[in-house]
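Student: Just to be clear, the model below is a prediction. Sequence and coordinates:
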Amino acid sequence: MIDLMDFNECPRLGSSWTQFTQSISRLLLTPLPLHVKGLIVLIACAIAVWLGRTIYRQWNKRHHPHWNPTWTRVTIGGAIAFLVLVSPPSLNLALWGLSSHIPSDPGTPADAIVFPGRPYRLDGGGRFAAAAELWQEGRAPLIFVSGSGTTPFDILEDMGVPRSAMSGEVCSLTTNENAIYSAYSLLPEGIQEIVLITDPPHMWRSILTFQNQGFEVIPHMTSLVKDLGYREKIVLVLREYGGLLSYVVLGRLE
């Protein structure tokens, strides 16, 4: 069997494009220093000025024989659509759409508690606390940590979980790999019904992916940190909807 606890021995399932998008996503989720935020504001203002001048010039050509009304409509329509899509109400609606249909945790026992690696910034370590709490409640005899390059056994042990009740793998870099490597490790041991812990935006894609690998999934959602930035929320929404679309196109949810 493959040693999934040695990152250097991990088989790489993802393509170069997957690794590239992972790097971009991590970069976008990293909090920005003040001077970078200022630069982004200046760039946004420059784009707004350019867009305004373009619309104004097209508007002034209304009586000119070469005026192109289609370009004006496309420019104005695109600007309005962009502003609507990135507005707080649209963003909140998109976040709601990712998790509103997910059933609540019924509290039934399972074979294992599984949580995939996610940036600590998103839930402030809520997955660790939730996993430890569920184990202490007797929901499952095993906590399986998937991915992240390291296994946070020390964190769970500090929360009262013994090493004998922990397992995991350090190879996964994507949600699809989380499910594949979890299935490789758990299904041969007869572990099929799992309590899956992750944040609300990530839960829908996680459920579909783990079910596709043969698991019966009980969802248990943790909360995002309250001070999660607007830019970070936009990245989350784009990443999750983009991930769902790519999984459908690639046939990973059949």
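Tutor: Arrived safely, thanks for sending. Residues are numbered from 1 along each chain as shown.

Student: drop to CA atoms for contacts and neighbour counts, all remaining ones
Tutor: OK.

Student: ok, how many other residues are close to the closest residue to residue 166 other than its chain neighbours?
Tutor: Nearest residue to residue 166 in three dimensions, chain neighbours excluded: residue 143, at 4.9 Å (C-alpha to C-alpha, 6 or more residues apart in numbering). For residue 143, the neighbour count with other C-alpha atoms under 10 Å is 27.

Student: how far away is residue 143 from residue 176?
Tutor: Going from residue 143 to residue 176 by C-alpha to C-alpha, to the nearest Å gives 19 Å.

Student: repeat for residue 188
Tutor: 19 Å.

Student: picking up where we left off before, right, and the residue nearest to residue 166 touches residue 110 too?
Tutor: No - in this structure, residue 143 is not within contact of residue 110 by C-alpha atoms under 8 Å, at 10.8 Å.

Student: What helices and strands are in contact with the helix or strand harbouring residue 144?
Tutor: In the assignment (DSSP states H and E), residue 144 maps to strand 143-146. Packed against strand 143-146, as judged by 3 or more C-alpha pairs under 8 Å, 6 or more residues apart in numbering; DSSP states H and E, are the following elements: strand 112-116, strand 166-169, helix 175-186.

Student: just the angle between the last one and strand 112-116, please?
Tutor: This points to helix 175-186. 150 degrees (axes from the mean of the first three to the mean of the last three C-alpha atoms, to 10 degrees).

Student: Buried residues, helix 175-186. List them.
Tutor: 175-183, 185-186 (16 or more other C-alpha atoms under 10 Å).

Student: elements contacting that helix?
Tutor: Using 3+ C-alpha pairs under 8 Å, 6+ apart: helix 175-186 touches strand 143-146, strand 166-169, helix 200-212.

Student: what would these look like in JSON lines with distance to residue 245 and mean pLDDT?
Tutor: Output for the helices and strands packed on helix 175-186, formatted as JSON lines (distance: least, C-alpha to C-alpha, whole Å; pLDDT from 0 to 100):
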{"stretch": "strand 143-146", "distance to residue 245": "23", "mean pLDDT": "94"}
{"stretch": "strand 166-169", "distance to residue 245": "27", "mean pLDDT": "92"}
{"stretch": "helix 200-212", "distance to residue 245": "10", "mean pLDDT": "94"}
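
Student: Of all these, which one is nearest residue 158?
Tutor: Shortest distance between residue 158 and the helices and strands packed on helix 175-186, using C-alpha to C-alpha, is found for strand 166-169: 12.7 Å.

Student: Tell me which other helices or strands the closest one touches.
Tutor: Against strand 166-169 (3+ C-alpha pairs under 8 Å, 6+ apart) you get strand 143-146, helix 175-186.

Student: Which residues outside the first one are in contact with it?
Tutor: Put plainly, it is strand 143-146. 112-117, 131, 135, 151-152, 165-172, 178, 181-182 (C-alpha atoms under 8 Å, 6 or more residues apart in numbering).

Student: where does this structure dip in pLDDT?
Tutor: 1-3, 5-7, 12-42, 44-45, 48-49, 51-86, 148-151, 252-254 (pLDDT under 70).
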